[in-house]
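Visitor: got a sequence here, can you build the structure:
(4 chains)
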There are 4 protein chains.
Amino acid sequence: MHILISNDDGYLAQGINALAAALQPYAQVSVVAPDKNRSAASNSLTLDMPLRATTCENGFVRVDGTPTDCVHLAITGLLENEPDMVFAGINHGANLGDDVLYSGTVAAATEGRFLGLPAVAISLTGSDPKHFDTAAHVAVNLLRKIQAHPLPEDTLLNVNVPDVPLDELKGYQSTRLGQRHKAEAVIRSSDPRGHVIYWVGPPGSEQDAGPGTDFDAIRNGYVSVTPLQLDLTRYDRLDSLRDWLAMETMP
Amino acid sequence: MHILISNDDGYLAQGINALAAALQPYAQVSVVAPDKNRSAASNSLTLDMPLRATTCENGFVRVDGTPTDCVHLAITGLLENEPDMVFAGINHGANLGDDVLYSGTVAAATEGRFLGLPAVAISLTGSDPKHFDTAAHVAVNLLRKIQAHPLPEDTLLNVNVPDVPLDELKGYQSTRLGQRHKAEAVIRSSDPRGHVIYWVGPPGSEQDAGPGTDFDAIRNGYVSVTPLQLDLTRYDRLDSLRDWLAMETMP
Amino acid sequence: MHILISNDDGYLAQGINALAAALQPYAQVSVVAPDKNRSAASNSLTLDMPLRATTCENGFVRVDGTPTDCVHLAITGLLENEPDMVFAGINHGANLGDDVLYSGTVAAATEGRFLGLPAVAISLTGSDPKHFDTAAHVAVNLLRKIQAHPLPEDTLLNVNVPDVPLDELKGYQSTRLGQRHKAEAVIRSSDPRGHVIYWVGPPGSEQDAGPGTDFDAIRNGYVSVTPLQLDLTRYDRLDSLRDWLAMETMP
Amino acid sequence: MHILISNDDGYLAQGINALAAALQPYAQVSVVAPDKNRSAASNSLTLDMPLRATTCENGFVRVDGTPTDCVHLAITGLLENEPDMVFAGINHGANLGDDVLYSGTVAAATEGRFLGLPAVAISLTGSDPKHFDTAAHVAVNLLRKIQAHPLPEDTLLNVNVPDVPLDELKGYQSTRLGQRHKAEAVIRSSDPRGHVIYWVGPPGSEQDAGPGTDFDAIRNGYVSVTPLQLDLTRYDRLDSLRDWLAMETMP
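Guide: Numbers count the residues shown, from 1 in each chain, chains lettered A, B, ... in the order given. The predicted model follows:
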């Protein structure tokens, strides 16, 4: 089995190094990752500029692009042997609920899935997480389970791991994404030259975070595993939309 | 009604100017858009740098950020009066099938929906589209219909318009997203100094493009309207995932 | 006479528009300028990425590069007819003393001179300057004088204009660059997420600003015109350096 | 003695690591360098965005800015103890003749000199240079000579080292900057999507490269040491410019 690893924190991050080291005993591992932090890059793809790929001393390939660029390049020709699946992470910080929309780590996994491979995004929760060995152990566990019981090709899993020592993990839960309240207000400030600048404000507090959600699993010490889909069509609205389109504009 | 308009082609693009001019007679219009082309920016959000917003002579506000940044800022405090809905576009080129994953225009609408407003992304198909007046007419039609028959707040519509004169439009169809085959191979080249560079290759050809899809509607001359969802949870896999997580790793 | 105009404030800035409008009656004018503010870009040249040039409705060409890129492209093949000289500006704010080292406007002129053309950088002093018509008048004056009494090809002039109504100008002075004290301390701050950030501090106060300097001319209401050189060799040190290199390391 | 080291190839480059290792036995060394390649950044200074500084495992500080930003921050407050001098390099490739205008490595040294410290820029010639130990040896030699026979504070030296084994070095020469012919034409190309792109063309061939120039010293196997100046005033033109300014425009 040949695993492609990427992330959005950049190829030097502790998380991706811990992940690569943990999976290497169980599979061929290729790392293709951004040359710097690209958090919140979402599925951004670089179409108007060329990309450069540099192989580092440790064998990692760094690319001056987004997480999606890295996985796209790796799967469509950069690597000699095409990989069989994609692991993205270990992200420094959670990717829960609505966060997945912006996450570069989830986007790296999505791109793998989009190009035909099973994919797993794995994140360690907390603002300054410490227990990368716990998340690495979870990654190995999932990999060995996948090797024993293959997942369908169209699988895309979003995994979040509590930032605790391994023996404090409560287990695994299959979860749905929770939801946050609306984001907080933009932060208006000024630079030292007196010009107005704006910072994007903090995310909203948890709104739908009850039993069954990823928020809830993490809060209770479980590894949260959420199956994601690529097809954004809202099927349950197709009929009512058809009726609405048929209405007269002026009633 | 107060409408926020944004796009991913930048505030100078013909499409956003056509859209703003068309909607102004029917509602208050505020334009907050990127200061340059940000196609394929997806839902990328700028968290690590401040943003600057400049009001142009024509009243448009340009921001040195992504489409998502623009809508986020506008709704969370940049505009004095909060808007009631978001229109993104008119995009230069289609956003069909899997393209919506990468699209900055769809992301602008998504951010509006995510922050609690009904939102419409509108794109004019073709590689060098001409009939912006057709797409502008479609936008006005949808706006007036929304004013007459309000849509639920959680509505997010992805609209694609064939690049034809208005009288050649066949009508409107409620569609699901089609799918493309895997993207084509990365393009390996070299710069004039002899260093290897890579360009992301072209998207794959259409794979699922039969009746009911957005590809099919456009091919037959209809305006394609696809309802999109924000919740990426794949609900139909929650149970089988629970079973899989419970399996022994070593069978 | 064919004049190339560029700047570092971007092609939309009031200063470059005022300059182009003022010179057009007296010569063929081509504007090639950055697509956004590139102040303090110095002589930075883009070697590792391609550049894109877009012709705007008003005939200006905007380039997604630095001021130096713009002038370099324009003179080495972008324009059909090679220009005869370069005007850079009207810069929003002074370029006096040591500032010229960082200035993108002076760099645009320098690149013109470096590629074989006489070149003039023109700046309007003040933090939020108003009298662009005064600076435009100065530019016309200099152009007509150049047309009447040609300057040597190796001429590079740095012109600063006081921000006053035209009839308050005292005249023109030939000046040397003054000097500032050491720049003030870096400004340590933190972003809304609690991470440390640094802003470059303000420039130092004027140190050598006596009679004969550009600082002094501006303070007294004169247009300051400083002849600049490209050859950075410090000729008066060549001999003492030779002696020093010949010394024994261990005395 | 406390030496600040920076470069324009980025903190991971072989050259800066060789330089830091070589100087460490002879002085306290602090490395503050760009987080990625910033060649041809010239004296570009980041005024409109904040900068972030990260201390790496090996003690190097990487900054998401230009070479000038790095030296500016280091000297105006980032480092606890102010450095006594600046070494920039070892640059991968020559900085000869007109190249110094664009060079980020020379700019790093210039910023040191500008902020009041003696400064040395050191470059290893060749398109893919190998003998970093030769250049490191030259750096140590110069440092020890400076320690034995201090240089004036206003010294700025541009050093180029032939890419040969140490025992093939012919000696040191005090040189002036040579000159190149005009740069070659811009390279017009197109991206895979059919849009026109431009690459800056190669530098011109050597024009003034005779005895006494840096080009000549390198060609003959000598280390080239050029004293540079910061004051760009062309003093020998001040009088003729005064006369020219006094002329009537209409003769």
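
Visitor: spatially central residue in chain A, please.
Guide: Compute the mean C-alpha point of chain A, and by Cα atoms, centre = their mean the closest residue is residue A:106, 2.0 Å away.

Visitor: would you double-check that that one falls in a helix?
Guide: Yes: the assignment for residue A:106 is a helix, going by DSSP: H, G, I helix; E, B strand; the rest coil.

Visitor: which other helices and strands does the helix or strand bottoming out on mean pLDDT in chain A contact?
Guide: Within chain A, confidence by mean pLDDT, DSSP states H and E is lowest for strand A:206-208 among all helices and strands, at a mean of 87. Contact analysis of strand A:206-208 by 3 or more Cβ pairs under 8 Å, 6 or more residues apart in numbering or on different chains; DSSP states H and E lists strand A:179-180 as its packing neighbours. (Each C-beta comes from the backbone N, C-alpha and C, glycine too.)

Visitor: quick one: is the next helix or strand after the strand it packs on near chain D?
Guide: For strand A:179-180, the following helix or strand on the C-terminal side (DSSP states H and E) is strand A:187-190. No: figure legend: strand A:187-190 not in contact with chain D (Cβ under 8 Å from any Cβ of the partner chain); closest approach 10.7 Å.

Visitor: what's the next helix or strand after strand A:187-190 in contact with?
Guide: Once the chain leaves strand A:187-190, the next helix or strand it forms, by DSSP H and E, is strand A:196-199. With contact meaning Cβ atoms under 8 Å, 6 or more residues apart in numbering or on different chains, strand A:196-199 is reached by A:186-191, B:50-53, B:73, B:78, C:191-192.

Visitor: try it again with 6 Å
Guide: A:186, A:187, A:188, A:189, A:190, A:191, B:50, B:51, B:52, B:73, C:192 (Cβ atoms under 6 Å, 6 or more residues apart in numbering or on different chains).

Visitor: quick check: residues of the stretch 51-200 of chain A near chain B?
Guide: A:51-52, A:72-73, A:76-77, A:100-102, A:115-116, A:144-145, A:148-149, A:172, A:174, A:176-177, A:182-183, A:185-186, A:197-200 (Cβ under 6 Å from any Cβ of the partner chain).

Visitor: any of these buried? List them.
Guide: Listed as buried from those are A:51-52, A:72-73, A:76-77, A:100-102, A:115, A:145, A:172, A:174, A:176-177, A:183, A:186, A:197-200; burial here means 16 or more other Cβ atoms under 10 Å in any protein chain shown.

Visitor: so what secondary structure elements neighbour the lengthiest helix in chain A?
Guide: Across chain A, the longest stretch assigned as helix under DSSP state H is helix A:132-148. If you count contacts as 3 or more Cβ pairs under 6 Å, 6 or more residues apart in numbering or on different chains; DSSP states H and E, helix A:132-148 packs onto helix A:14-23, strand A:156-161.

Visitor: output the contacting helices and strands for the longest one.
Guide: Helix A:14-23 is packed against strand A:2-6, strand A:28-34, strand A:85-92, helix A:132-148, with contacts defined by 3+ Cβ pairs under 6 Å, 6+ apart.

Visitor: most packed of those?
Guide: Comparing those by mean neighbour count (mean count of other Cβ atoms under 10 Å in any protein chain shown), strand A:85-92 comes out on top with a mean of 29.

Visitor: is that strand positioned near chain C?
Guide: No: applying Cβ under 6 Å from any Cβ, one finds strand A:85-92 separated from chain C by no less than 12.7 Å.

Visitor: ok, now which ones touch the closest residue in space to residue A:81 that isn't next to it in sequence?
Guide: Nearest residue to residue A:81, sequence neighbours excluded (Cβ to Cβ, 6 or more residues apart in numbering or on different chains): residue A:2, at 5.8 Å. By Cβ under 6 Å, 6+ apart, the residues touching residue A:2 are A:28, A:81, A:83, A:84.

Visitor: same thing but at 7 Å, please
Guide: A:27, A:28, A:30, A:81, A:83, A:84 (Cβ atoms under 7 Å, 6 or more residues apart in numbering or on different chains).

Visitor: what about the closest residue to residue A:76 other than its chain neighbours, distance to residue A:72?
Guide: Excluding the flanking residues, the one nearest residue A:76 by Cβ to Cβ, 6+ apart is residue B:186, at 4.5 Å. Note on residue B:186: its distance to residue A:72, by Cβ to Cβ, to the nearest Å, is 7 Å.

Visitor: next, show the common contact partners of these two.
Guide: Residues touching both residue B:186 and residue A:72 (Cβ under 7 Å, 6+ apart): residue B:200.

Visitor: follow-up on the earlier one: what's the lowest-pLDDT member of the contacts of residue A:2?
Guide: Of all those, residue A:81 has the smallest pLDDT value, namely 91.

Visitor: who's in contact with the residue nearest to residue A:60 when sequence neighbours are not counted?
Guide: Distances taken as Cβ to Cβ, 6+ apart put residue A:31 closest to residue A:60, at 4.3 Å, once the chain neighbours are dropped. Taking Cβ under 7 Å, 6+ apart, we find residue A:31 in contact with A:5, A:11, A:16, A:20, A:60, A:61.
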